[in-house]
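Participant: Show me the folded form of this:
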Amino acid sequence: MKISVVMATYNGEKYIEEQINSILKQTKQIDELVICDDKSSDSTVQIIDSFNCDLIKLKINLENIGYVRNFEQAISMSSGDIIFLADQDDIWRIDKVSKMVTFMNSEKCDLLCSNFDLINQKDEIIEDKKKYNIPSFVIKEHREIITSISFSRLLLGNVVQGCTYCFTKNVRNKYLAINNQEVYHDWQLMLIAAYNEGVFFYNDNLIQYRLHSNNSIGFDNKKAKIELEIKKPKIVPTMVQFFRDFNKIQKLDLITKIRINIVFYLRIAYFIAKLHLPI
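Facilitator: Numbering: from 1, shown residues only. Alright, predicted model coming up:
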């Protein structure tokens, strides 16, 4: 069984070396680390090259293509049976790959995500996660080490950060076939896997998720002002179009289609996200 890790980088010189080291020094060795750099203007590429490691496959974009497309590109270059997502600025616990692969091999699981510690720019643990707008699913007390995540819940929004995921080649292939570059890649992957009841949450802090001023996507402080954007809705909402494309590769049942139209034409998921309501 081949294990891939994919990473999208952009001006990540400050933390990239520590993250790559944490991936390469796992107790269960990976088979490839695919990195797509989005035309960094700092020393990110030079730091990656300095590892001189055969496991690293680096592609440097000729122009900046953005976070979502860059991750899609990296995923498309992966060849593993199980694929892990990695951000450029986190730190992996040394047994992350071993623990997650063991569960993936023992259960009917298409995508596995995990809990995490929060750290600051100095690698210090941030103890109070509740100060930030972290999904309520993550910070609540889970009685079990493993919890399934339903498709119904994920329709209302993503509940766990993509940098904690691993997923099967089958999910990868469906994601690439849909070829949607408007919806964040991690939510797409979650929804694809969840439709077949294959998503699980591992309640162990297997990465250290770094908060700093240059996060591509991060957690804002709960004191931040909530702003609702009032604009003319699209004729076909972005998520409705995503599910239409999904339906071309895997037929959705009628009840699911009706629920999708209700949630996204009425912008229920949008207001939940903007108002930070629990899912």
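Participant: Who are the packing partners of the one helix or strand D186 maps to?
Facilitator: Using DSSP states H and E, D186 sits within helix 185-194. Packing partners of helix 185-194 (3 or more Cβ pairs under 8 Å, 6 or more residues apart in numbering; DSSP states H and E): helix 67-77, strand 111-119, helix 151-155, strand 166-168, helix 169-178, helix 238-249. Where C-beta positions appear, they are placed from N, C-alpha and C, glycine not excepted.
Participant: Next, the buried residues of the fourth one.
Facilitator: Buried residues in strand 166-168, counting neighbours by 16 or more other Cβ atoms under 10 Å, are found at 166-168.
Participant: what's that strand in contact with?
Facilitator: Identification of contacts with strand 166-168 by Cβ atoms under 8 Å, 6 or more residues apart in numbering yields 81-85, 100-101, 104, 109-112, 189, 193.
Participant: Could you list the low-pLDDT ranges of the stretch 51-200 of the chain?
Facilitator: Scanning the stretch 51-200 of the chain for pLDDT under 70 picks out the ranges 129-136, 139-141.
Participant: Distance to K257 added to the buried residues of strand 166-168, as JSON lines?
Facilitator: Shown next, in JSON lines, are the buried residues of strand 166-168 (distance: Cβ to Cβ, whole Å):
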{"residue": "C166", "distance to K257": "29"}
{"residue": "F167", "distance to K257": "24"}
{"residue": "T168", "distance to K257": "25"}
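Participant: which parts of the longest strand along the chain are buried?
Facilitator: Criterion DSSP state E: the longest strand present in the chain is strand 199-210. Neighbour-count burial for strand 199-210, counted by 16+ other Cβ under 10 Å, picks out 199-203, 205-210.
Participant: Name the nearest of those relative to D245.
Facilitator: V199 (19.5 Å; Cβ to Cβ).
Participant: Relative to C109, how far out is that closest one?
Facilitator: As defined by Cβ to Cβ, to the nearest Å, V199 lies at a distance of 8 Å from C109.
Participant: Then N170?
Facilitator: According to Cβ to Cβ, N170 stands 11 Å off from C109.
Participant: Same check on C163?
Facilitator: Separation of C163 from C109 (Cβ to Cβ) stands at 18 Å.
Participant: Please apply the same query to D49.
Facilitator: On the measure of Cβ to Cβ, D49 and C109 end up 35 Å apart.
Participant: and those two? which has more neighbours close in?
Facilitator: C109 (22 against 13; other Cβ atoms under 10 Å).
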